[in-house]
Every structure is written in C-alpha cells, then in structure tokens.
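Asker: Curious how this folds, go ahead:
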Amino acid sequence: MAETDKNSAQEAETSDREPSAQFAFLEAASQGQEMTVRDDQFAFSLLRDGVRKTVQNRGRFRLVDSGTLEQPQLEWLLEAGADFYTSNNISRDMREREALALTARRNRSRLACFIHFPESREQQEGAESEDSPAPGLTDYQNLALAGAFLYFSSQDREWDPAELVRLAEGCRKGGARLVYYHQGEFSEGGFSLAEAGVWIHITQAALKKESLFILADSASAANRRGGGLVIHLQAKPDFLLLEDLLRSGAYIRFEYAQIDCRSPLKPIEQAAAKRKLPPYSYFLNPDFV
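Answerer: Numbers count the residues shown, from 1 in each chain. Take a look at the predicted model:
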C-alpha cells in the first residue's frame, strides 16, 4: 500500500471518533498541558495539530509508539517538538530508530527507548535471519550516540555494570541519559553506574542498614554527574536510614498512603516532594519501577 493510501486509511479509521474527544484533545494542547498520546489514538493530521499547539504553548507532547506511524510521519512530529516513547518490543529497524533519535536531538525533543529482555518473539525470530538480526549492545550503543534516552531493567536480565557504564557514556556523548531500573539488593556495581551519571531506580528491598554508605555515596556521585538515585517506597521505611539518604541527595518517592500527619516521616515526605524528577529520568510514569 502506498504511503498516501495508508494515511487515508488511518484518517478514515479515526474520523468517526467522538468529536468531543477530538475537541478535548486540541483544547488540552492549546492550554500547554503535558500530553501523553498513543500514536494510533487520533488521525495523523490531528496529532500534528496537537503537537504544534502543545509546543507553542510551552507544554510537552509525549507520543507513545504502537508501530502505526511510519518514519516520515514520525520525523515530522519530532521536528514539531514531540517526544517519542518506543521500545524494542515494537518492530522498528535500528537504523530507523537512530534516524529518529538524531531528528529529535536536532529539534530539542527526545526519543526514549525501553529495552525489554528476554526479547520479543518477533525479535527472536528475526535473530534467526541473517537479514534482520536481533539488536545487540553495539546497536544500542549506536542508538545512544545518536541521542536516544535508554531505559534498562534488571527484572528479566542481570546486567554487567561495565556494559551499562559504556552505554551510559554513549548516552552522555549523544546528549542523553541512561536510566536503569534495579531490582533487589544494591552493590558496588550500582556505585559504578552512579559515577557514570546514570539515573538509578531502586525498590525498598535495597534499603538496608548495611547498604547505607554505598547508597548515600551513590546518590551523591550520581548528582555530581547529572544522574540520580530514585528510591521507590511501598511501605513505611526506617526513619534514620531515609533521613541520611535524603541528605545525600537521593530522590524519594512515597508510593503508599501516609495517614498519620504527626508521623516523624512527614517532614521528610515534604522535603522529598520539593525535589522534582526531570521528565527524562523515568519512562512515562515516575512511580514505575
């Protein structure tokens, strides 16, 4: 199907959406709100208008990849100022991602790519073909150098800290950052990531008294290098441990309901709330880990 035919088909598919939804979309864009929209929610022409209105009114437009739009359409939206959120689960050629990352960097927008492991079925099948091998660390290094913000997690794969440090250096050279979601205990490898300026997200499982010094040092080191240590709390933590970490520069996310306003944690919660996470330091949702 020709590109014009695809565009027409998409326009027809979305033209019967509720006019009220389209009006609300453009109204929010005109107010400069922070917009998060999947690329198949509206017709391309409406997305284009939404991006333009949002950026003109000093808002941020986050476009979430579903694989619907093609590279020329995405380049137009990135040139208009949209941030593009994709992942290696979406079937896109790595060279295409690199081109989109370069377009985003030139226009002061962002391409954010979450790396899922184990790889998707499509990528595993592609790895069996010499024409479409599954991406490797070298491919992600090239993507980093092109200016992509990369997001890795240890949930499905244990990463060699040295590999992540090299990727972090590539991100820095490309004007971007590496963000790492770490599960479980925190070790010396985490400190090396902090020294490389990585944004490191950890869960409450890593908060142990015997780990206090390395966590505090990591928070300080990450801040010095333009990164950060983000602690996600799902239950009431140790007060003294938390106080020391906040003093060291850690970012703390209270993700459970604080009921007692007289709790000694209240001042820490208020102080932590004043430290705002940069939008690139997390993938879409700041509370996701």
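
Asker: where do the helices sit along the stretch 1-150 of the chain?
Answerer: Secondary structure of the stretch 1-150 of the chain (DSSP state H, counting those that start in this stretch): helices located at 3-14, 19-30, 44-56, 71-79, 94-106, 121-127, 137-145.

Asker: export the fifth one as CSV, just CAs?
Answerer: As requested, the backbone C-alpha atoms of helix 94-106 are provided in CSV (Å, rounded to 0.1, in the frame of the first residue of the first chain):
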residue,chain,number,x,y,z
MET,A,94,17.5,0.1,14.5
ARG,A,95,18.7,2.4,11.7
GLU,A,96,15.2,3.9,11.7
ARG,A,97,15.4,4.5,15.5
GLU,A,98,18.8,6.1,15.1
ALA,A,99,17.5,8.5,12.4
LEU,A,100,14.5,9.4,14.6
ALA,A,101,16.9,10.0,17.6
LEU,A,102,19.0,12.3,15.5
THR,A,103,15.9,14.2,14.4
ALA,A,104,14.7,14.5,18.0
ARG,A,105,18.1,15.8,19.1
ARG,A,106,18.2,18.4,16.4
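
Asker: Now do it against helix 71-79, angle only.
Answerer: Going by axes from the mean of the first three to the mean of the last three CA atoms, to 10 degrees, helix 94-106 is angled at 20 degrees with respect to helix 71-79.

Asker: I'd like to know which elements helix 94-106 is packed against.
Answerer: Applying 3 or more CB pairs under 8 Å, 6 or more residues apart in numbering; DSSP states H and E, we find helix 94-106 packed against helix 71-79, strand 83-87, strand 111-114, helix 137-145. No exception for glycine: its C-beta is placed from N, CA and C like everyone else's.

Asker: How about residues contacting that helix?
Answerer: 71, 74-75, 78-79, 83-84, 86, 110-111, 113, 135, 139, 142-143, 146-148, 174-176 (CB atoms under 8 Å, 6 or more residues apart in numbering).
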